[in-house]
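Colleague: Quick one, what's the 3D model for this:
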Amino acid sequence: MKFGIAIRKNETDYFVHQSYTHMLQDKNHTFGIVTLDSCLELYDAFLLPGGDDIDPKYYHQENYAAKHIDEEMDQLDFKIIRYAIQAKKPLLGICRGIQSINVFFGGTLKQNILHHMNENHFIFWNNQYVLVNSFHHQSIDVLGKDLLIEAKSQDGEIEIIKHKSLPIYGVQFHPELFSFDMSRIFNEI
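Modeller: Prediction:
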């Protein structure tokens with residue numbers, strides 16, 4: 001399966017972190033880099049990686065804590081999500097990616113949570129507690145339409161979501177940075 005990975009941008013450059021490409025290669029997938037100008041029909045599936053915050057205007061809030069907003073990245077994520085829905089192609093969102101999926105489906109975000117930045121915690125998934133990492137200061141507040149919660153952290157933050165009928169998944173943590181068993185998700189997408 002060939003994944004299109006949404007490009008990200010920092011102050012000076014565009015990039016895709018190699019941890020995402022290694023994760024896909026470990027699952028025997030190939031990949032390409034997706035920009036706003038890319039032809040999405042070239043890909044079998046998509047990955048929305050982590051990155052900076054989504055503009056709160058997209059979930060009908062004033063900005064009081066969102067950082068490093070980039071309109072181009074917001075538009076790219078929404079273009080990919082729109083196409084994945086229309087073409088019924090698999091989509092996996094990681095960290096910012098889960099948040100983009102939720103916002104696209106009409107959900108909202110908590111703009112600043114204090115207890116998930118640079119720490120590990122447990123989630124309850126597949127009938128067991130699993131230790132995951134955490135690098136985010138935002139999280140899902142109101143769940144978007146047609147999305148289902150698959151896992152929450154012990155303190156109640158939403159950690160894994162899926163669409164009720166499409167092959168769309170999102171995880172709030174970074175499975176590409178540790179040995180988290182993503183086989184169930186990859187088997188469904």
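
Colleague: ok, and what's touching stretch 122-136?
Modeller: With CB atoms under 8 Å, 6 or more residues apart in numbering as the test, stretch 122-136 has contacts from 50, 95-96, 113, 116-121, 150-154, 159-160, 172-175, 177-178, 180, 184. Every residue, glycine included, has its C-beta placed from N, CA and C.

Colleague: Recalculate using a threshold of 6 Å.
Modeller: Surrounding stretch 122-136, the residues in contact under the criterion CB atoms under 6 Å, 6 or more residues apart in numbering are 95, 116, 119, 120, 121, 151, 153, 154, 159, 173, 174, 178.

Colleague: got a list of what the fourth one touches?
Modeller: Residues in contact with residue 120 (CB under 6 Å, 6+ apart) are 131, 133.

Colleague: Tell me the buried residues in the longest helix seen in the chain?
Modeller: Counting residues, the longest helix found in the chain (DSSP state H) is helix 71-87. Going by neighbour count (16 or more other CB atoms under 10 Å), the buried part of helix 71-87 is 73, 74, 76, 77, 78, 79, 80, 81, 83, 84, 85.

Colleague: my read is residue 123 is in a helix, agree?
Modeller: No: according to DSSP: H, G, I helix; E, B strand; the rest coil, residue 123 belongs to no helix; its state is strand.
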